[in-house]
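*Asks:* generate coordinates for the sequence data below:
(chains A and B)
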Amino acid sequence: GAGVSQTPSNKVTEKGKYVELRCDPISGHTALYWYRQSLGQGPEFLIYFQGTGAADDSGLPNDRFFAVRPEGSVSTLKIQRTERGDSAVYLCASSLTPGETEQFFGPGTRLTVL
Amino acid sequence: DAKTTQPPSMDCAEGRAANLPCNHSTISGNEYVYWYRQIHSQGPQYIIHGLKNNETNEMASLIITEDRKSSTLILPHATLRDTAVYYCIRGYSTLTFGKGTMLLVSP
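*Replies:* Numbers count the residues shown, from 1 in each chain, chains lettered A, B, ... in the order given. Coordinates of the predicted model:
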């Protein structure tokens, strides 16, 4: 069956530009998570959705980062006024329910800000 | 703050058991212990999780001490494809990853 997919796989942008990263979770999974991973580090939690609402956005680094999940399936992570420090792999994961269930990760989107 | 402590790297010979330790001395009563691994350039992959009891699945075994302050992930017969970074995580819904243990399985 289909796993978590993320598009694009690679995104190169210039400092100051706006980017959108898309995540398609596994069908039927109610929980969706965004993480980012810098080189040599473990993934860092950004935000998680239960259905359409953001249940925990405590990991978003600042107000340039925003995520939506309007219909409770696909999610978009939006980054405004990108900075070079935003360069990382952005990972999306989904799980059947929040809490004590495994999270299935997508392959990630590698964002490079020049 | 990853809230767990793992050795940065370990080596294992192919076919041998790999025993990966993790310290989570400040774990709270409702937090699970999760293990994920990440093969180079891929997203993390779930391995196993537990609360109090030892657990086993087709991939690995998880041994949790009675006081829940530490655990060990056991890969019973390591293969070259098990070379990856292994993350021990305590939590419930959101996962806080540390730097993990880089396990290198050699022929």
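*Asks:* and the closest residue to A:Arg64 other than its chain neighbours, how close does it get to A:Pro8?
*Replies:* With sequence-adjacent residues excluded and distances taken as CB to CB, 6 or more residues apart in numbering or on different chains, A:Arg64 is closest to A:Gln80, at 4.7 Å. In this view, the C-beta of every residue, glycine as well, is placed from N, C-alpha and C. Per CB to CB, to the nearest Å, A:Gln80 is found 18 Å from A:Pro8.
*Asks:* over to B:Tyr46?
*Replies:* Taken as CB to CB, the span from B:Tyr46 to A:Pro8 is 25 Å.
*Asks:* and the two? Which one has more around it.
*Replies:* For B:Tyr46 versus A:Pro8, neighbours defined as other CB atoms under 10 Å in any protein chain shown are more numerous around B:Tyr46 (18 against 13).
*Asks:* pretty sure B:Phe97 sits against A:Tyr33.
*Replies:* No. Using CB atoms under 8 Å, B:Phe97 is not in contact with A:Tyr33; the gap is 11.7 Å.
*Asks:* so which of those two has more stuff around it?
*Replies:* A:Tyr33 (29 against 23).
*Asks:* ok so that one is a strand residue?
*Replies:* Yes. Using DSSP: H, G, I helix; E, B strand; the rest coil, the assignment for A:Tyr33 is a strand.
*Asks:* for chain B, see how far away it is.
*Replies:* 7 Å (CB to the nearest CB, to the nearest Å).
*Asks:* repeat for A:Pro61
*Replies:* 15 Å.
*Asks:* so who does that residue touch?
*Replies:* Applying CB atoms under 8 Å, 6 or more residues apart in numbering or on different chains, we find A:Pro61 in contact with A:Leu46.
*Asks:* ok, now B:Cys22?
*Replies:* Counting by CB under 8 Å, 6+ apart, B:Cys22 has contacts B:4-6, B:33, B:35, B:70-73, B:88.
*Asks:* in a strand, it, correct?
*Replies:* Yes. With three-state DSSP as the criterion, B:Cys22 is located in a strand.
*Asks:* what pLDDT does the nearest residue to A:Thr112 once chain neighbours are set aside get?
*Replies:* Leaving aside its chain neighbours, A:Thr112 sits nearest to A:Val12 (4.7 Å; criterion: CB to CB, 6+ apart). With respect to pLDDT, A:Val12 scores 98.
*Asks:* secondary structure class of A:Val12, three-state.
*Replies:* From three-state DSSP, the assignment for A:Val12 is strand.
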